[in-house]
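1. Next one to model:
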Amino acid sequence: MKSTITAVFLLSLFAAAPDAAAQQYPDRPLRLVIGFPPGGAMDILGRIAAQRLTDALGQQMVVDNRSGAGGMIATEIAARSAPDGYTLHFVSLPHVINPHLYKKVNYDAVRDFAPVAQFVSVSLALVVHPSLPVNSVPELVALAKARPGQLNYASAGSGSSGHLAMELFKTMAGTNIAHIPYKGTGPLLIDVLAGQVPVTVASLVGLIPQIQAGRLRALGVTSARRSAVMPDMPTIAEAGVPGYDVTQWFGMVAPAATPVAVISRLNGEMNKMLAMPEVRKILAARGADPAGGSAADFAALIRKEDAKWAKVVKDSGARVD
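-> This is a model prediction of the structure:
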């Protein structure tokens, strides 16, 4: 009897340990792994989230930029990290695109991660350097068809949202525009602004200042609806490619098996953050729409997008390595 009581007592202690750990969480700095270099939408939005969570959690959330391989280096680091809530990963479309684009991927975008919350949704924009003699989507399509394979477009890297958004555009518009991958939006903007590569599709987050200054000419947004921050810019669908729709989303995930209580705490803090007027104002200025919702909502979105982009990759024939 005594041994039985002792065993039950020990089991109760082990069962209570995760709850106690969750109540103390976090008691040290956290790391937010981002798969792209500074200057792009992923980094800009990730740092906004990290700063606000630092304030809410009372512990520093350190941004760790691990760029390369279309974001896969960072994703592998996050997938292999301890599931304790101290390593988080800021993700977007490449998270579900890469497993279908690359032959060898050492993680499963759905199985190996626990979704925390969607942060925002953002339209991408199709823009050209002012030196390119086009002022609309139909004019770009006509030029590309007149010069098949001679026109180049830049992306933030193979597997980036801009890469697959443009591949979908090419498939639907029947054009042949060559792909020039860069290591992030920051590096690609240097050459696009210089006119070295005249076309790109990238997040409005990084493009708005360049468009407003006249350094780039916007032809259309990729989403089904116009952007609230630039309402005069048509959608690509209404500008000449009916049915075209790509909306970029951003959110936070943790390694699989991270305690539910930790996920719940982080989800709650993200939703509180996204309800703050000052945060919504900052995001709106960047062309980002606050999202939020439950962890289950974000999990459903990831599964849906995974299926969508698997088909886009297959239909476009896009491959890397």
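2. what residues are up against the nearest residue to residue 158 once chain neighbours are set aside?
-> Leaving out its chain neighbours, the residue that sits closest to residue 158 by CB to CB, 6 or more residues apart in numbering is residue 320, at 4.3 Å. C-beta: built from backbone N, CA, C; applies to glycine. Contacts for residue 320 (CB atoms under 8 Å, 6 or more residues apart in numbering) come out as 70, 101-103, 158-159.
3. Top of those residues by number of neighbours, please.
-> residue 159 (29 neighbours; other CB atoms under 10 Å).
4. Reformat the contacts of residue 320 into CSV and put secondary structure and distance to residue 232 next to each item.
-> Formatted as CSV, those follow (DSSP: H, G, I helix; E, B strand; the rest coil; distance: CB to CB, whole Å):
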residue, secondary structure, distance to residue 232
70, helix, 33
101, helix, 34
102, strand, 38
103, coil, 43
158, coil, 32
159, coil, 31
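5. So residue 303: helix, strand or coil?
-> helix (DSSP: H, G, I helix; E, B strand; the rest coil).
6. do you know how far the closest residue to it other than its chain neighbours is from residue 306?
-> Spatial nearest neighbour of residue 303, excluding adjacent residues (CB to CB, 6+ apart): residue 110 at 6.1 Å. Using CB to CB, to the nearest Å, we find residue 110 at a distance of 6 Å from residue 306.
7. check contacts around the residue nearest to residue 303.
-> 302-303, 306.
8. Okay, strands next: where are they in the protein?
-> 30-34, 61-65, 87-91, 113-128, 152-155, 178-181, 199-203, 217-221, 247-255, 288-290 (DSSP state E).
9. Counting neighbours, what do you get for the closest residue to residue 44 other than its chain neighbours?
-> Excluding its sequence neighbours, the residue lying closest to residue 44 (CB to CB, 6+ apart) is residue 205, at 5.6 Å. When counting by other CB under 10 Å, one arrives at 28 neighbours for residue 205.
10. quick revisit: now the strands of the chain in a markdown table, with mean pLDDT and mean neighbour count?
-> Converted to a markdown table, these look like this (pLDDT from 0 to 100; neighbours: other CB atoms under 10 Å):
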| stretch | mean pLDDT | mean neighbour count |
| --- | --- | --- |
| strand 30-34 | 98 | 22 |
| strand 61-65 | 97 | 17 |
| strand 87-91 | 98 | 26 |
| strand 113-128 | 96 | 25 |
| strand 152-155 | 96 | 23 |
| strand 178-181 | 94 | 16 |
| strand 199-203 | 94 | 28 |
| strand 217-221 | 97 | 23 |
| strand 247-255 | 96 | 24 |
| strand 288-290 | 94 | 21 |
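11. Turn those into JSON lines, columns for distance to residue 239.
-> Formatted as JSON lines, those follow (distance: least, CB to CB, whole Å):
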{"stretch": "strand 30-34", "distance to residue 239": "32"}
{"stretch": "strand 61-65", "distance to residue 239": "34"}
{"stretch": "strand 87-91", "distance to residue 239": "29"}
{"stretch": "strand 113-128", "distance to residue 239": "9"}
{"stretch": "strand 152-155", "distance to residue 239": "17"}
{"stretch": "strand 178-181", "distance to residue 239": "22"}
{"stretch": "strand 199-203", "distance to residue 239": "13"}
{"stretch": "strand 217-221", "distance to residue 239": "4"}
{"stretch": "strand 247-255", "distance to residue 239": "16"}
{"stretch": "strand 288-290", "distance to residue 239": "21"}
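12. What's opposite the residue nearest to residue 158 in the beta bridge?
-> residue 102 (DSSP bridges).
13. Roughly how far does it sit from residue 191?
-> Distance from residue 320 to residue 191, by CB to CB: 20 Å.
14. coming back round to it: next, work out how far apart the residue nearest to residue 303 and residue 180 are.
-> Counting by CB to CB, the gap from residue 110 to residue 180 is 30 Å.
15. Report pLDDT for residue 112.
-> If you check residue 112, the pLDDT there is 97.
16. Just give me the neighbour total for the residue lying closest to it once chain neighbours are set aside.
-> In this structure, residue 112 finds its nearest non-sequential neighbour in residue 79, 4.5 Å apart by CB to CB, 6+ apart. Neighbour count for residue 79, taken as other CB under 10 Å: 22.
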